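Undergrad: Give me a model of this one.
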Amino acid sequence: MNMLKTLVFVDLNNITMSFKKIGRRPDLKLLEDYLSPLSEGRFCIDTHIYTTLPPDNPERTQGFHDFLRSSGMIVNARRAKKLPGGKIKADVDDLLILDAIEMAHTIDPDIIILVTGDGDFSELAIRLRRRGHRVEAASLKHSLANELQRATNGIIDLSDYAECCPQLRERHAA
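TA: Residues are numbered from 1 along each chain as shown. I've put the predicted structure just below:
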């Protein structure tokens, strides 16, 4: 069987917020296996995680990133900035877009999976498709933007996967 080379790009902030709405926390190691099953002839070359470090206490988050790296994933993190007035600005979409275009060119995967429901990635999907790549978006249906759905070759509904993920613990007020 000829294996299909797959690259996975995860917009961690987007997928975490989507799962939070259903009371779950994504299990990223399980996600990698779910998206590229060998039984379907898919081989995951790499999973790239895009996320932010909080402006205060980044050490706690860094430990989680180290865990992901030890699991074989590539973590791309940018420190969030605290703006005047206390608002926090954090965005890594540009890193994901640039890496996806560059790796599509150098690695030439058969399938590129964008784990996000963010419509801002629709133009990326269209450009990757023009280069001959199959582009799929993996998201929960309630979080998938129409423009991203229309821009991709296929959708991977993460509902079944979400059932296998840990439930969020409720925080009790002290």
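
Undergrad: For the rest of this, base every contact and every neighbour count on C-alpha atoms.
TA: Fine.

Undergrad: So, low pLDDT: which residues of the chain?
TA: 1, 57-58, 170-174 (pLDDT under 70).

Undergrad: Tell me how far the spatially closest residue to residue 96 that is not a sequence neighbour lies from residue 40.
TA: Distances taken as Cα to Cα, 6 or more residues apart in numbering place residue 50 nearest to residue 96, at 6.6 Å, with adjacent residues excluded. Applying Cα to Cα, to the nearest Å, the value for residue 50 to residue 40 is 26 Å.

Undergrad: Neighbour count: these two, which is higher?
TA: residue 50 (22 against 11; other Cα atoms under 10 Å).

Undergrad: can you pull the contacts of the more buried one?
TA: Residues near residue 50 by Cα atoms under 8 Å, 6 or more residues apart in numbering: 9, 10, 11, 12, 13, 75, 76, 77, 92, 93, 95, 96.

Undergrad: Residue 5 contacts residue 110, doesn't it?
TA: Yes. Contact criterion Cα atoms under 8 Å: residue 5 and residue 110 qualify, at 5.1 Å.

Undergrad: As a check, name the ranges of all strands in the chain.
TA: Counting by DSSP state E, one finds strands in the chain at the ranges 4-11, 42-53, 74-79, 81-82, 88-89, 111-115, 134-139, 154-157.

Undergrad: And the helix ranked longest in the chain, what does it pack against?
TA: Determined from DSSP state H, the single longest helix within the chain is helix 93-107. Under the contact definition 3 or more Cα pairs under 8 Å, 6 or more residues apart in numbering; DSSP states H and E, helix 93-107 sits against strand 4-11, strand 42-53, helix 122-130.

Undergrad: Run the chain-centre distance for the second one.
TA: Distance of strand 42-53 from the chain centroid (Cα atoms, centre = their mean, to the nearest Å) equals 7 Å.

Undergrad: Equivalent analysis for stretch 159-169, please.
TA: 16 Å.

Undergrad: Ends of that stretch, what's the gap?
TA: Note: stretch 159-169 ends 19 Å apart using Cα to Cα.

Undergrad: buried set for that stretch?
TA: For stretch 159-169, the buried set under the neighbour-count rule, 16 or more other Cα atoms under 10 Å, comprises 162, 165.
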